[in-house]
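K.L.:
This is a predicted model, with the sequence first.
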2 protein chains.
Amino acid sequence: MDTSPQEYKTHLQNIYHVTEEEYQKLLPYLTVKSFKKDEFVLFQGDVCNHLFYVEKGLLRSYSIDDSGKEHIIQFAPEGWFMGDRSNFLFKQPSEYFIQAIEDTRVILLSQEFNDKAEELSANYRHYNNFALHKHISQLQNRITMLMSFNAEKRYLHFIETYFNLTLRVPQWMIASYLGITPEGLSRVRKELARKNF
Amino acid sequence: MDTSPQEYKTHLQNIYHVTEEEYQKLLPYLTVKSFKKDEFVLFQGDVCNHLFYVEKGLLRSYSIDDSGKEHIIQFAPEGWFMGDRSNFLFKQPSEYFIQAIEDTRVILLSQEFNDKAEELSANYRHYNNFALHKHISQLQNRITMLMSFNAEKRYLHFIETYFNLTLRVPQWMIASYLGITPEGLSRVRKELARKNF
DNA sequence: CGCGTGATTGAAACCCTTCAAGTTTAGTGG
DNA sequence: CCACTAAACTTGAAGGGTTTCAATCACGCG
């Protein structure tokens, strides 16, 4: 066991206002797991049976396209969720890898947890609905960015939105997330420095 | 009134297995509205108070970026939903325009409808959850496509996925959806014809 | 018929990638 | 703690895919 059950509770209280009674009923559906830097949380092709809540550390999810190129889908630092949401519910093989960028401790939430929590608490239902809509909003912004921003704008948008990550994530991963090459990003940064940004 | 209430029912039955009793309670939260070709269903900046279910016709949603360029977010033919999901729940001003590409009849679902339906029916909750996850899955695919496909692949992917739309939607709109210029798409098509595709 | 919109085509320009080489940084074992 | 090595980052030159701009063609509709 990685952490005491008490820690779960704090997280559920943070996530939504869980009662003691609900908490006792949900406890069996939660697991804590730790991953070392570079370790894989999920492999492409495996079924993603859990949603991962990052307690500490940093995860990334990415796919590999036909030409063997990596594309980073998402970063998840402390307090964020990670998972192949599109295949979690449908129990399809995941299209993504999930890997630890730092030593990371995650809470695993199973589909049963979700079902049970939704059954028990209207509060959780609202919270979950909120989270899904937030996710949609974020994906939509990403699409808009990919369609209308050039490399420089994308990078500026990234450091504006995820400033804390720019220091923890290697540059080539940021490039991959932005849909440009590492060389491309290097040149963008050089140009920004020249304009003494 | 555009259509008889009876038509609503069929749609709710299609969407999920609504009972007669539930249906009677939900009826007040639904409206039907018709739009002529090119008419606007929603303007950027307005609050999107409804989700739109397309009964007949075809809608598009799009944003306009800083340089004045249109970017098509989504098409919605019969049986599809349309709406600014990211701002519907949060009642924020919409970032998108929604416009009718053909004469279109839609059912307007208010937030109250959603709340009420979720309260009444576990069936609806599951359905709604399913729909949100499907939406996430679709957005994720779009991002992967934008990051790893060139113009030709994007177009081939489009006609494979939405073949019925290629005949109803003007070419420049498809180009906008794919994130390329109309000229670019024209050249892609020429090249595909040359390779007698 | 003529006008406006959409589609096509060509030439030049641009942004970004690719490839290759060099430099810096970070981690490991002696 | 230094030396060594691999990985990350930088830089340059060449090339490719797409855009931009402008002109032309095709078509549908009042």
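P.N.:
Structure's in. What do you need?
K.L.:
list the contacts for residue A:11?
P.N.:
A:53, A:55, A:107 (CB atoms under 8 Å, 6 or more residues apart in numbering or on different chains). For the C-beta atoms, the positions are set from N, CA and C on the backbone; glycine is no exception.
K.L.:
Using TSV, lay out those together with distance to DNA strand D.
P.N.:
Formatted as TSV, the contacts of residue A:11 follow (distance: CB to the nearest atom of the strand, whole Å):
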residue	distance to DNA strand D
A:53	26
A:55	25
A:107	27
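K.L.:
now these in TSV, with secondary structure and distance to residue B:82?
P.N.:
Formatted as TSV, those follow (DSSP: H, G, I helix; E, B strand; the rest coil; distance: CB to CB, whole Å):
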residue	secondary structure	distance to residue B:82
A:53	strand	32
A:55	strand	38
A:107	strand	36
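K.L.:
Relative to chain B, which of these is nearest.
P.N.:
residue A:53 (17.3 Å; CB to the nearest CB).
K.L.:
which residues does that closest one bridge with?
P.N.:
Beta-bridge pairing of residue A:53 under DSSP bridges involves residue A:81, residue A:107.
K.L.:
Quick check, it in contact with residue A:113.
P.N.:
No. Contact criterion CB atoms under 8 Å: residue A:53 and residue A:113 do not qualify, at 10.5 Å.
K.L.:
Tell me which of these two has more neighbours.
P.N.:
residue A:53 (24 against 20; other CB atoms under 10 Å in any protein chain shown).
K.L.:
gap between that one and residue B:101?
P.N.:
Residue A:53 sits at a distance of 42 Å from residue B:101 (criterion: CB to CB, to the nearest Å).
K.L.:
repeat for residue A:69
P.N.:
To residue B:101, residue A:69 is 35 Å away according to CB to CB.
K.L.:
Of these two, which one has the most company?
P.N.:
Applying other CB under 10 Å to residue A:69 and residue B:101 shows that residue B:101 carries more neighbours, namely 20 against 13.
K.L.:
which non-adjacent residue is nearest the more buried one?
P.N.:
Nearest residue to residue B:101, sequence neighbours excluded (CB to CB, 6 or more residues apart in numbering or on different chains): residue B:58, at 4.4 Å.
K.L.:
is it true that residue A:164 touches residue A:78?
P.N.:
No. Between residue A:164 and residue A:78 no contact is recorded; they are 9.8 Å apart, counting by CB under 8 Å.
K.L.:
Counting neighbours, go ahead and name the busier of the two.
P.N.:
For the pair residue A:164 and residue A:78, the greater number of neighbours falls to residue A:78 (13 against 10), based on other CB under 10 Å.
K.L.:
backbone phi and psi for the more buried one, please?
P.N.:
The phi and psi values for residue A:78, taken as degrees, to the nearest 10, are phi -50, psi 130.
K.L.:
pretty sure residue A:100 contacts residue A:42?
P.N.:
No. With contact defined as CB under 8 Å, residue A:100 and residue A:42 do not form a contacting pair (10.7 Å).
K.L.:
what about the residue of chain A found nearest DNA strand C, which helix or strand?
P.N.:
Here the residue of chain A nearest DNA strand C is residue A:184; by CB to the nearest atom of the strand that distance is 2.5 Å. Assigned by DSSP states H and E, residue A:184 falls within helix A:182-194.
K.L.:
Taking helix B:122-148 as reference, get the angle to the longest helix belonging to chain A.
P.N.:
Criterion DSSP state H: the longest helix present in chain A is helix A:122-148. On the basis of axes from the mean of the first three to the mean of the last three CA atoms, to 10 degrees, helix A:122-148 is oriented at 20 degrees to helix B:122-148.
K.L.:
Centre of the chain to whatever helix or strand comes next after helix A:122-148, how far?
P.N.:
For helix A:122-148, the following helix or strand on the C-terminal side (DSSP H and E) is helix A:151-161. Computed by CA atoms, centre = their mean, to the nearest Å, the chain-centroid distance of helix A:151-161 equals 19 Å.
K.L.:
Sounds good, over and out.
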